[in-house]
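*Asks:* Curious how this folds, go ahead:
(one chain, ligands or ions: 1)
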Amino acid sequence: MADIARRFENNPVLRPQDVAPSRDGLEVACLLNPGAFRFGGRVGLLMRVAERPIQQEGRISTPVLDPADPSGISIVEFDLDDPQLDYKDPRIFHHGGRSYLTTLSHLRLAWSDDGVHFTPDPQPTLIGHGELETFGIEDARVVDIDGTYYITYTQVSDNGVGVGLITTTDWRQFTRHGMILPPSNKDAPLLPEKVGTKYCVIHRPSGMAPGGNYMWTAFSEDLIHWGEHRCIAQSRPGMWDSARIGAGAAPIRTARGWLEIYHGADENSRYCLGAMLLDANDPSKLIARTTEPIMEPIAGYETTGFFGHVVFTNGHVQDGDTLTVYYGAADDIVCGATFSIDEILGLLAQKT
Ligand code: MAN
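*Replies:* Numbers count the residues shown, from 1 in each chain. Predicted structure coming up:
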């Protein structure tokens, strides 16, 4: 077992019951995977709030954004004994050749003076919008480049799963830039600095073999048109990250290069965190990668929950050598842990 995380003593930081549902008739099923940033002397979390109707015995129901409905949503509902229903994963189900998420996610802010105690906003901050977000928006990564906050997030609809971009300078007014990376793609943090004249993003396209759920980099002059795609790391057969890997929050500049915390899952969908080091001048070059995870789902609140055996991060804040990682535990609650950056770098010995 490899785990160098120092978990907050007061985990969880926030639970589903700590936030109000966005509308009558829905419950908050999961609170997870926050983006993290500093703004005006406070730490902000842009959390994923996953909602669904209160479930009735013998049935499954899920909300879908529906601009044609006066309420803005419609409810998709099936009997559990419907022969066309395929429901094995608590996160997703299939019916008659179509796939649905079991929850509809929006993004909501929570604020803290000390990085430990957070107060969630009473209302959603960002909700899905348009035909590419009918199944919701998820897992925001936030970077501050010269006073503008760039939010890259997962857009989900029955068209597929892609990466959207929203910007803000004040966390009140937001500008939507649409889908910047088409399906299937997710897990896409921007680097907090340009590389020469270009922005750089780490992303995770996925599809059928050959290939897999691997991490890539791409570059852009304008954040909208992306090119120079390059695969920087693959999942590793037989290891803890054998089935899928994906970037966490934005890479951290260190004396040895860009440090990226990433998630890896095995065939049992057990999600751990690991680390990679990317070249300081060319982040499309992998220099080193941890052999063992730096964090594993071992606490009770990580092994048991909505989807157990998951630690998943897409948000952190840095203070010198201390990296505070905010993470979703068991896809259920928002937790925190600190790491020493030097200690992580010490594990990054060779390229594997
Ligand atoms: C998905 C991710 C996250 C989630 C994990 C674990 O691949 O995008 O939203 O936390 O799986 O279920």
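*Asks:* what does the stretch 1-150 of the chain have sitting close to the ligand?
*Replies:* Proximity of the stretch 1-150 of the chain to the ligand, by Cβ under 6 Å from any ligand atom, involves residues 33, 91, 138-139. For every residue, glycine as well, the C-beta is placed using N, CA and C.
*Asks:* Look through this structure and tell me its longest helix.
*Replies:* In the chain, assigned by DSSP state H, the helix with the most residues is helix 341-347.
*Asks:* what packs against that helix?
*Replies:* Contacts defined by 3 or more Cβ pairs under 8 Å, 6 or more residues apart in numbering; DSSP states H and E place helix 341-347 against strand 252-254, strand 257-265, strand 271-278, strand 322-329.
*Asks:* change it to 7 Å
*Replies:* Under the contact criterion of 3 or more Cβ pairs under 7 Å, 6 or more residues apart in numbering; DSSP states H and E, the helices and strands touching helix 341-347 comprise strand 252-254, strand 257-265.
*Asks:* ok so, going back, could I get the residues of the stretch 1-150 of the chain next to the ligand as TSV with pLDDT and secondary structure?
*Replies:* As requested, those are exported to TSV (pLDDT from 0 to 100; DSSP: H, G, I helix; E, B strand; the rest coil):
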residue	pLDDT	secondary structure
N33	98	strand
R91	97	coil
E138	98	strand
D139	98	strand
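*Asks:* Most neighbours among those, which one?
*Replies:* Compared across those, N33 has the highest neighbour count, 29 neighbours, by other Cβ atoms under 10 Å.
*Asks:* which residues touch that residue?
*Replies:* Counting by Cβ atoms under 7 Å, 6 or more residues apart in numbering, N33 touches 48, 138-139, 312, 314, 328.
*Asks:* tell me, how many neighbours does the closest residue to A247 other than its chain neighbours end up with?
*Replies:* Leaving aside its sequence neighbours, A247 sits nearest to I202 (Cβ to Cβ, 6 or more residues apart in numbering; 4.2 Å). Using other Cβ under 10 Å, the number of residues around I202 comes to 29.
*Asks:* How about whichever helix or strand I202 is part of and the ligand, touching?
*Replies:* Using DSSP states H and E, I202 sits within strand 199-205. No: using Cβ under 6 Å from any ligand atom, strand 199-205 never reaches the ligand; the gap is at least 9.0 Å.
*Asks:* Send me that strand as PDB with only the CA atoms.
*Replies:* Listed next in PDB are the C-alpha coordinates belonging to strand 199-205 (Å, rounded to 0.1, in the frame of the first residue of the first chain):
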ATOM      1  CA  TYR A 199      -1.900  27.700 -24.300                       C
ATOM      2  CA  CYS A 200      -1.500  24.000 -23.400                       C
ATOM      3  CA  VAL A 201      -4.100  21.600 -22.200                       C
ATOM      4  CA  ILE A 202      -3.800  18.000 -21.000                       C
ATOM      5  CA  HIS A 203      -6.800  15.900 -22.200                       C
ATOM      6  CA  ARG A 204      -8.100  12.400 -22.200                       C
ATOM      7  CA  PRO A 205      -9.700  11.200 -25.500                       C
END
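*Asks:* ok, so what distance separates A280 from the ligand?
*Replies:* Look at A280 and the ligand: by Cβ to the nearest ligand atom, to the nearest Å, they are 28 Å apart.
*Asks:* no no, L223
*Replies:* Separation of L223 from the ligand (Cβ to the nearest ligand atom): 22 Å.
*Asks:* Count residues in the vicinity of the closest residue in space to that residue that isn't next to it in sequence, would you?
*Replies:* Spatial nearest neighbour of L223, chain neighbours left out: Y199 (5.4 Å); criterion: Cβ to Cβ, 6+ apart. Neighbour count for Y199, taken as other Cβ under 10 Å: 20.
*Asks:* For this protein, give the residue positioned nearest to the ligand.
*Replies:* Proximity of the chain to the ligand (Cβ to the nearest ligand atom) peaks at F312, 3.9 Å away.
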